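S.K.: Give the three-dimensional model of this entry:
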Amino acid sequence: MNSTILLALALVLVLEGLGPMLYPRAWRRMIATMSQLPDNILRRFGGGLVVAGVVIYYMLRKTIG
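M.R.: Numbers count the residues shown, from 1 in each chain. Model (predicted):
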């Protein structure tokens with residue numbers, strides 16, 4: 001794997017771990033609330049995150065080279 005991809009994966013793991021580490025009750029409440037949402041809302045939310053990630057990746061690749 002490319003080292004850039006591994007660095008990005010490491011950053012995702014760090015960011016994802018901050019919620020349950022710092023605010024476990026709020027994180028658990030958020031997960032419980034999200035589990036009650038309809039599938040189409042979760043798909044839109046996930047799609048928005050994917051699009052945002054691709055845009056950020058594209059902007060960084062263009063800036064960094």
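S.K.: which helix in the chain runs the most residues?
M.R.: Determined from DSSP state H, the single longest helix within the chain is helix 39-64.
S.K.: Next, count neighbours for residue 58.
M.R.: By the measure other CB atoms under 10 Å, the count of residues near residue 58 is 10. All C-beta atoms are positioned from the backbone trio N, CA, C, and that covers glycine.
S.K.: How about the contacts made by it?
M.R.: With CB atoms under 8 Å, 6 or more residues apart in numbering as the criterion, no residue contacts residue 58.
S.K.: For it, give me the pLDDT.
M.R.: In this model, residue 58 is scored at 88, pLDDT.
S.K.: Same check on residue 40?
M.R.: pLDDT, residue 40: 97.
S.K.: How many residues are close by it?
M.R.: Residue 40 has 8 nearby residues by other CB under 10 Å.
S.K.: Next one: it from residue 59, what distance?
M.R.: 29 Å (CB to CB, to the nearest Å).
S.K.: and what of residue 8?
M.R.: 14 Å.
S.K.: So for these two, which sits in the more crowded spot?
M.R.: More neighbours surround residue 8 than the other of residue 8 and residue 59, with 14 against 10 (other CB under 10 Å).
S.K.: I'd like the next helix or strand past the helix or strand containing the more buried one.
M.R.: Secondary-structure assignment from DSSP states H and E places residue 8 in helix 3-22. Heading C-terminal from helix 3-22, the first helix or strand you meet, by DSSP H and E, is helix 24-35.
S.K.: got the CA coordinates for that following helix in CSV?
M.R.: Taking C-alpha atoms only, helix 24-35 is exported to CSV below (Å, rounded to 0.1, in the frame of the first residue of the first chain):
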residue,chain,number,x,y,z
PRO,A,24,-18.3,8.0,25.9
ARG,A,25,-21.9,8.8,27.0
ALA,A,26,-22.5,11.3,24.3
TRP,A,27,-21.0,9.0,21.7
ARG,A,28,-23.2,6.1,22.8
ARG,A,29,-26.2,8.3,22.7
MET,A,30,-25.3,9.5,19.2
ILE,A,31,-24.9,5.9,18.0
ALA,A,32,-28.2,4.9,19.5
THR,A,33,-29.9,7.8,17.8
MET,A,34,-28.3,7.1,14.4
SER,A,35,-29.4,3.5,14.6
